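[1] Sequence first, then the predicted structure, then my questions.
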Amino acid sequence: MKNILLVCNAGMSTSMLVQKMSAAAKEMGIEANINAKSVTEAINEIDHVDVLLLGPQVGYQKAEMEKLAAGKIPVEVINMRDYGTMNGQKVLQFALDLIGE
């Protein structure tokens, strides 16, 4: 089971991306637990996920999130085009690549 956390401001668009990523994972036969949280909520989740992806709108928080992750998990910003087009399959593959799957 892969645990993927998306971080955003309010969560509306990121929640849609989570749904698209979950559908892509199901199609690919991958067991994945994909969630979206705010930056403040993510702080409590960092120790329980395999990768943390930031929405482009909170990309400026990357250094802070990397500091909190302390090298235990990859922390990256989602490609703006993939985020904007809600390309769940591409963002899922990005997450899996970061995990090393």
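    On my side now, so go ahead.

[2] gap between the longest helix along the chain and the chain center?
    Criterion DSSP state H: the longest helix present in the chain is helix 12-28. Distance of helix 12-28 from the chain centroid (Cα atoms, centre = their mean, to the nearest Å) equals 10 Å.

[3] Please identify the pairing partners of whichever helix or strand comes after it and their relative orientation?
    Next in sequence after helix 12-28, counting helices and strands by DSSP states H and E, comes strand 32-38. Sheet pairing of strand 32-38 (DSSP bridges) gives strand 2-8 (parallel).

[4] Keeping just the C-alphas, turn the strand it pairs with into CSV.
    Only the C-alpha atoms of strand 2-8 are listed here, as CSV (Å, rounded to 0.1, in the frame of the first residue of the first chain):
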residue,chain,number,x,y,z
LYS,A,2,1.4,3.3,-1.1
ASN,A,3,0.5,6.4,1.0
ILE,A,4,0.5,9.6,-1.0
LEU,A,5,-0.3,13.0,0.5
LEU,A,6,-1.2,16.0,-1.5
VAL,A,7,-0.9,19.4,0.2
CYS,A,8,-2.8,22.5,-0.8
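
[5] Any regions of this protein where pLDDT drops low?
    11-12 (pLDDT under 70).

[6] Identify each buried residue in stretch 43-61, please.
    46, 49-55, 57-58, 61 (16 or more other Cβ atoms under 10 Å). C-beta coordinates here come from the backbone N, C-alpha and C atoms, glycine included.

[7] swap in stretch 4-13?
    Buried residues in stretch 4-13, counted by 16+ other Cβ under 10 Å: 4-8, 11, 13.
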